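1. Build me a structure from this.
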Amino acid sequence: MRQPFASSAGVATLALLATQSASAHVLNDGGGLFAGLAHPFLGIDHVLAMLAVGLWAAQMGGRALWTVPLTFMAALAGGACLAITGVALPAVEAGIAASVLALGLLIALAVRLPLVAGMLLTGVFAMFHGHAHGAELPVIASPLAYAGGFLVATGVLHLTGVAAARAFNPRRMRFAGVCVAAAGVAIVAGLLGSA
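-> Numbers count the residues shown, from 1 in each chain. Got it, this is the predicted structure:
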């Protein structure tokens, strides 16, 4: 009896958090490492996508457990480099929103893509997240320290997702995917509403 209430509350909470601005989370404290460490946690879109990468990697198992998160982190750094060097990437916020929705659906439907396809998909999503991180580099921050910070934070979120997946049974894992996908729908709706 308590599980349906908890489930509904979980979806409602994620949807509420997702309606917060997905783009306005710039940290202008002039820091490098600290600003980078904090940045992924300043947007629910980043938090959910990075947790979902860990969840999905664990759900797929095998080599995906480490290759999918590492691919995400490498592409995240690549996207940040593009932004820091002034290379534009179209539809960054839409790509971030799509990543939350898609990763949630992959988990909810227990999709097991071939390893290379899973790596490519998460790499594309990571480029958008990385570009957003790089574009919000504080003016006086060291780019290397900042990048190191957000890569460490991303790794922590991936590991948290993997740990959660280890604790979940398949039904709870799929429900976690539904919650992430629902938040993705809310983020997409928020972007469409502000357009």
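
2. which residues of the protein fall in helices?
-> 2-18, 33-38, 44-60, 64-84, 92-108, 115-135, 143-167, 170-194 (DSSP state H).

3. Please point out which parts of the fifth one sit buried.
-> So that's helix 92-108. 92-108 (16 or more other Cβ atoms under 10 Å). For the C-beta atoms, the positions are set from N, CA and C on the backbone; glycine is no exception.

4. quick one: contacts for the closest residue to residue 184 other than its chain neighbours?
-> What sits nearest to residue 184 in space, not counting adjacent residues and going by Cβ to Cβ, 6 or more residues apart in numbering, is residue 101, at 2.9 Å. Residues in contact with residue 101 (Cβ atoms under 8 Å, 6 or more residues apart in numbering) are 181, 184-185, 187-188.

5. Looking at these, state which has the most neighbours.
-> residue 187 (31 neighbours; other Cβ atoms under 10 Å).

6. That residue and residue 45 touch, don't they?
-> Yes. Contact between residue 187 and residue 45 holds when scored by Cβ atoms under 8 Å: they sit 5.6 Å apart.

7. How about residue 155, nearest residue that isn't a chain neighbour?
-> Nearest residue to residue 155, sequence neighbours excluded (Cβ to Cβ, 6+ apart): residue 73, at 6.5 Å.

8. tell me the contacts of the one you found?
-> Residues in contact with residue 73 (Cβ under 8 Å, 6+ apart) are 126, 151, 154-155, 158.

9. try residue 59
-> 107, 110, 112, 165, 173.

10. Pretty sure the third one sits against residue 58.
-> No. Counting by Cβ under 8 Å, residue 58 is not a contact partner of residue 112; they are 11.8 Å apart.

11. The two - which one has more neighbours?
-> residue 58 (22 against 15).

12. ok, the closest residue to the more buried one other than its chain neighbours to residue 177 distance?
-> Leaving aside its sequence neighbours, residue 58 sits nearest to residue 165 (Cβ to Cβ, 6+ apart; 3.4 Å). Distance from residue 165 to residue 177, counting by Cβ to Cβ, to the nearest Å: 10 Å.
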